[in-house]
Every structure is written in C-alpha cells, then in structure tokens.
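# next come a sequence and a model predicted from it.
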Amino acid sequence: MLLYGPAALHAQGVDGRLHYPLREASGRALILVFITRECPVCNEYAPEIERIYRTYRSKAMIALVFSDRYVTASTAKTHAGEFGLKGPALFLDPVGKLATACNVGVTPEAAVFSPGGKETYTGRIDDLFYSYGSHRDRATTHDLRRAIDATLAGDSVPKASGPPVGCAIETQ
C-alpha cells in the first residue's frame with residue numbers, strides 16, 4: 001500500500017524499525033517534538049517535555065524526533081536517559097526529512113496532529129525563551145499545551161504567540 005500526505009510521515013526509531021507515527025497513534029492525537037542533543041535550549045526544555053508526556057500520554061502519542069545529523073540510536077537513548085526523558089517514543093531524523101514534512105525548522109519545536117491526521121499546530125513549546133540565550137524565570141504562555149488541548153477538544157487551534165527559539169535544523 002502506498003501512502004501519501006501526512007500518513008506517509010515516517011522516521012527511523014531507536015529500535016531500528018521504520019515507524020509511521022500517524023498510523024501508530026491509532027486514532028489518538030500525535031505530538032512530535034523536534035530536538036537536538038547539543039542545543040542548550042532543547043536540554044533546558046527536557047523537564048517540560050516529560051511533563052507534557054505525562055499529562056497527555058493517555059490521549060496522544062508523544063515522540064521526540066532527534067533532528068541531529070550525527071545522532072545514532074544509542075546516543076539518542078543515552079541523551080534521553082540523561083535528561084529524564086523516559087516516556088516519549090524516540091525517532092531519528094538525521095537529514096531533516098520529517099522536520100521538513102512538518103514545516104519545522106528549529107529545535108525545540110513541535111508539530112501536533114489531530115486524531116484524524118490533520119496537522120493542527122507547528123511552533124514553540126512556550127514563551128520561556130524570548131531570544132537565544134535569554135529566558136524568563138518561568139513561561140507565561142504555554143503555546144504547545146494550548147494547541148494540544150484545542151486539538152483534543154476538536155476546537156480551533158491558536159497559532160503560536162511567538163516564534164520558536166533554539167537551534168536551526170540542518171536539512172539535506
């Protein structure tokens with residue numbers, strides 16, 4: 001069977017298998033959070049990403065997508081463990097094909113899909129960082145959580161209230 005459009009989104013998992021996240025979400029929402037190991041902004045967000053996983057795991061499939069040219073399954077698993085990212089599935093996107101398909105260009109940045117497979121949001125996690133290297137004591141606008149809640153409720157999804165801040169994704 002040939003897949004086209006969002007259903008064709010695929011990534012290599014740390015288990016060595018090719019994964020089709022929208023299919024694997026099985027009627028639940030899908031949240032892809034694009035990260036890199038060396039981006040300090042991504043690493044700062046690790047606790048919030050794990051909190052998002054714990055909050056939404058029963059209603060959505062949540063996966064980390066390592067958009068890092070030199071990442072391996074082993075280094076992705078090690079990084080996730082070192083930063084307390086115990087729950088989300090781990091995918092590899094070394095040349096940025098999945099990032100490009102999801103219109104994501106920065107890490108950390110997220111893409112949210114409805115249970116029906118429609119992309120409802122791409123953007124930042126929250127407003128903690130307002131420029132590279134500059135952040136607030138705590139976030140005041142939780143863009144990703146608002147997008148997930150609206151997606152799950154079937155409501156109109158608000159756009160991110162600002163641009164994502166982090167490290168550029170290298171694509172081929």
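Yep, it's here.
# helix, strand, or coil at the nearest residue to H142 once chain neighbours are set aside?
With sequence-adjacent residues excluded and distances taken as Cβ to Cβ, 6 or more residues apart in numbering, H142 is closest to D126, at 4.8 Å. The way it works is simple: take the backbone N, C-alpha and C, and place the C-beta from them, glycine included. Classification of D126 by DSSP: H, G, I helix; E, B strand; the rest coil places it in coil.
# buried sites along stretch 77-85?
Buried residues in stretch 77-85, counting neighbours by 16 or more other Cβ atoms under 10 Å, are found at H79, A80, F83, L85.
# okay, and which of those map to helices?
Cross-referencing the buried residues of stretch 77-85 against helices under DSSP state H gives H79, A80.
# nearest to Y53, of the buried residues of stretch 77-85?
The closest of these to Y53 turns out to be L85 (Cβ to Cβ; 7.8 Å).
# tell me the contacts of the closest one?
Applying Cβ atoms under 8 Å, 6 or more residues apart in numbering, one finds that L85 lies in contact with A46, I49, E50, Y53, L64, H79.
# and the strands in this structure, which stretches?
11-13, 18-19, 29-35, 60-66, 89-92, 106-107, 109-113, 119-123, 129-131, 134-135, 167-168 (DSSP state E).
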